[in-house]
Structure formats: C-alpha cells, structure tokens
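In: need a structure here:
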Amino acid sequence: MAKTSAKKRKRLSGKALLAALKKVKVVIFDIDGVMTDGSVFYVEGTGWGAFYNVWDGFGIRQLQKDGLEVCFISGGDFESHRKRAERLNIRHAYFGNEDKLGAYEAIRKDLGVREEDCAYMGDELFDIPVLKTAGFAAAPPHSPAAVKNAVHYVTKNKGGHGAVRELCDLLLEARKK
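Out: Predicted coordinates for the structure are as follows:
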C-alpha cells in the first residue's frame, strides 16, 4: 500500500488555479470514485460494471477537441471501464493495478511530457503517489483527508456526479486566458 503521509499541498483558487491549469497538456483520471460514484454492479454473463456520467464524458471530449491528451489509470479492471475508454477514444488506459505510479510514468514516457505538464485526479489512498508527483492534482470531496492533503484542488461535485466535468471546464477556461 502506498505511503499515505504527505506534506499538504497548497490549495489553489481563482487566478492561481487557472494559471496552474493553463500549463497542463495531459489529464489523467482514476475511474472508480472519480468517473463513477464508486458503486459497482454485477450482471450475470457480463461481469462487474459501473455507471458513468455523460456530462463527464462530454467534458473529456471537449478537452480532446482542444488538444489535451486524456488518459485513464484504474485499479479496477472491469469490462465497462475498457468500453468507456474505447468509447471516449482514450489511447492510454491502464487497468487492474494499484501501483498507479508505474502507469503514470509509462504515460509520461509514451507522450514525452514532464511532470509539470500532467494533471491527475484520484480519490483513494493508492492515488497519493501520483497526486504528489503530477504537476497538478485534484480529488473529489468524498476522498479521505490524506488524499485531499495531496491535491491543489478539491472539486465541489462528487465522483460520478460531475467531478470530472468540473475539472474539464476549469481546464478549458484556463486555456482561453
């Protein structure tokens, strides 16, 4: 399990938040608890799945249209996650490994980007190593305190209920400034 003690990152808001987001070239999202509300369901013959928010998907598409690379890193490995990544044309998606730092480093290497070019949104303790490493870090409000201490921004919306879209909209706003 990841080390959870972290020096508290400075929360950003207003112009400082937009200035930090303007630098972002790659946005990486955890799935369970970020793109979903963390609930899962089982369908006989299909397996485990989750519900996704269409507003979040639209926000991701807007980021892609604006030239940002969007990636997924998930500890879960559900067919529904893979289908969601496919539907959103996510070229870099990693599933089924709680060692998210390795996947993060693979994305950086593949895309040739620096840490300061990357934003990451996660909600769980094993997200902390990436949250502490990425140039910009965000989490939904239901995240444990240790996670919230490792981020620059805590969304107003919960995971699966517009948290991803909220960050997408902020990124798009920052790119217009």
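In: N89: neighbour count?
Out: 10 (other Cβ atoms under 10 Å). C-beta coordinates here come from the backbone N, C-alpha and C atoms, glycine included.
In: neighbouring contacts of stretch 73-92?
Out: 28-32, 35, 40, 46-50, 52, 57, 60-61, 64, 69-72, 93-98, 100, 103-104, 106-107, 110-111, 120, 124, 126, 130 (Cβ atoms under 8 Å, 6 or more residues apart in numbering).
In: helix or strand with the lowest mean pLDDT in this structure?
Out: strand 47-49 (a mean of 86; mean pLDDT, DSSP states H and E).
In: buried residues, that strand. List them.
Out: G49 (16 or more other Cβ atoms under 10 Å).
In: what about the spatially most central residue of the chain, distance to K177?
Out: With distances taken as Cα atoms, centre = their mean, the residue of the chain nearest its centroid is F29 (2.0 Å). According to Cβ to Cβ, to the nearest Å, F29 stands 23 Å off from K177.
In: give me the pLDDT for K23.
Out: With respect to pLDDT, K23 scores 96.
In: about what we covered before: and the residue nearest to the centre of the chain, how close does it get to H81?
Out: 11 Å.
In: shared neighbours of these two, anything?
Out: Between them, F29 and H81 share the contacting residues F72, judged by Cβ under 8 Å, 6+ apart.
In: look up phi and psi at D110.
Out: Main-chain dihedrals, D110, degrees, to the nearest 10: phi -60, psi -40.
In: quick check, pLDDT for it.
Out: Per-residue confidence (pLDDT) for D110: 97.
In: name the helices or strands packed onto the helix or strand that comes right after the least confident helix or strand of the chain?
Out: As assigned by DSSP states H and E, the chain's next helix or strand after strand 47-49 is helix 54-65. Packed against helix 54-65 by the contact rule (3 or more Cβ pairs under 8 Å, 6 or more residues apart in numbering; DSSP states H and E) you find strand 69-74, helix 163-176.
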